[in-house]
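**Student:** sequence-free structure coming up:
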């Protein structure tokens, strides 16, 4: 009986008590996992320190600040050269926004790929996260930035062109990534978001040319000799110091009703040498026509009406 009880006890030990080797293996596996996890954490911390090291941060700041000052100096030099070389003024000014985009793209590439040099997985992860965050938080800014790229690539207008949009008319002085700046005839600086320029209709007076058409209008009584007045207007236009004679000068007339009276609207269409002299040409043509009409006594002074359009 004692032998039988001893046999049952041994069976219980064999079948019900866990194997010591299993405990040993589990302990070894746990220790291996813990050591692997610790090693990975240490590796990640080391990579993070390398990724944001003081040397890389300082180098990146040097490149970015250097790029900023370089683009500012380059823009100033090109602008000064454009003012001295009037024939190349528009070409030189149009190089500024294009060169700024190229230089900043190269600088950012140098910072990311050359200095920071993160793993491709990090770039994809950070890029996706930043893209989602920016997409929700800065939709209007992104619209303007994409609009700026579209304007630079599609070129509906360029620096130096005279454009009209949303009731604002003036010369384009700068095309940025967020907005475009124009100077109006009364010397006001107007900043227009690029998204509005892309989505709205834009009127371009010179389309990249140095000259543009100028229309001067004069209102005269219906009783005047139209042919004689048109000849006087033509001579006044071609004798102006601001007119561009390589393009035609046209004088047309049209009947209008002004204060319940029939009048003749005389339109003188001529091209100006430089778009900067647009309003000087309009003024001089009007003054020369009125001076000649008064000298010849063609119309009474109190019935003459003039308007620049």
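**Tutor:** Noted; the coordinates are in hand. Here the structure is a predicted model, which is why all the values come from computation and not from measurement.
**Student:** Would you mind measuring from the closest residue to residue 228 other than its chain neighbours to residue 106?
**Tutor:** Excluding the flanking residues, the one nearest residue 228 by Cβ to Cβ, 6 or more residues apart in numbering is residue 298, at 7.0 Å. To be clear about C-beta, it is placed using only N, CA and C from the backbone, and glycine gets the same treatment. As judged by Cβ to Cβ, to the nearest Å, residue 298 and residue 106 stand 65 Å apart.
**Student:** between those two, who's got more neighbours?
**Tutor:** residue 298 (16 against 12; other Cβ atoms under 10 Å).
**Student:** tell me the contacts of that one?
**Tutor:** By Cβ atoms under 8 Å, 6 or more residues apart in numbering, the residues touching residue 298 are 224-225, 228-229.
**Student:** Look up how far residue 219 lies from it.
**Tutor:** Distance from residue 298 to residue 219, by Cβ to Cβ: 14 Å.
**Student:** same deal with residue 248?
**Tutor:** Residue 248 sits 23 Å away from residue 219, going by Cβ to Cβ.
**Student:** got it, and residue 210?
**Tutor:** The gap separating residue 210 from residue 219 is 31 Å, by Cβ to Cβ.
**Student:** swap in residue 106?
**Tutor:** Taken as Cβ to Cβ, the span from residue 106 to residue 219 is 57 Å.
**Student:** just residue 288 next, same as before
**Tutor:** Distance, residue 288 to residue 219, by Cβ to Cβ: 16 Å.
**Student:** higher neighbour count, the two?
**Tutor:** Neighbours per residue (other Cβ under 10 Å) separate residue 288 from residue 219, with residue 288 holding more: 19 against 15.
**Student:** Hmm, that one is touching residue 241, no?
**Tutor:** No: with contacts counted by Cβ atoms under 8 Å, residue 288 stays clear of residue 241, the gap being 10.7 Å.
**Student:** OK, contacts around residue 236?
**Tutor:** 268, 285, 288-289, 292.
**Student:** pLDDT score for the closest residue to it other than its chain neighbours?
**Tutor:** With sequence-adjacent residues excluded and distances taken as Cβ to Cβ, 6+ apart, residue 236 is closest to residue 288, at 3.6 Å. With respect to pLDDT, residue 288 has a value of 92.
**Student:** how about the helix or strand encompassing residue 288: buried residues?
**Tutor:** Here residue 288 sits within helix 278-296, counting by DSSP states H and E. By neighbour count on 16 or more other Cβ atoms under 10 Å, the buried set for helix 278-296 is 278, 280-282, 284-286, 288-290, 292-293.
**Student:** Reformat those as CSV; add distance to residue 167.
**Tutor:** Shown next, in CSV, are the buried residues of helix 278-296 (distance: Cβ to Cβ, whole Å):
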residue, distance to residue 167
278, 18
280, 23
281, 23
282, 19
284, 27
285, 25
286, 24
288, 30
289, 29
290, 29
292, 35
293, 33
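**Student:** So the closest residue to residue 162 other than its chain neighbours versus residue 103, what's the distance?
**Tutor:** Setting aside the residues directly before and after it, residue 162 is nearest to residue 205 in space (Cβ to Cβ, 6+ apart), at 3.9 Å. Distance, residue 205 to residue 103, using Cβ to Cβ: 30 Å.
**Student:** which of these two has more neighbours?
**Tutor:** With other Cβ under 10 Å as the criterion, residue 205 and residue 103 differ in neighbour count, and residue 205 comes out ahead with 19 against 15.
**Student:** pretty sure that one is in contact with residue 163, am I right?
**Tutor:** Yes: taking contacts as Cβ under 8 Å, residue 205 lies within contact range of residue 163: 7.1 Å.
**Student:** Buried residues of the longest strand along the chain, list them for me.
**Tutor:** Counting residues, the longest strand found in the chain (DSSP state E) is strand 261-272. Within strand 261-272, the residues scored as buried using 16+ other Cβ under 10 Å are 263-266, 268, 270-272.
**Student:** same thing with stretch 152-167?
**Tutor:** 152, 157-163, 165.
**Student:** Which ones among those residues map onto helices?
**Tutor:** residue 152 (DSSP state H).
**Student:** just to revisit the earlier point, mind listing what the residue nearest to residue 236 touches?
**Tutor:** Neighbours of residue 288 in contact, by Cβ under 8 Å, 6+ apart: 236, 239-240.
**Student:** wait, which of the residues you listed is closest to residue 132?
**Tutor:** residue 240 (59.5 Å; Cβ to Cβ).
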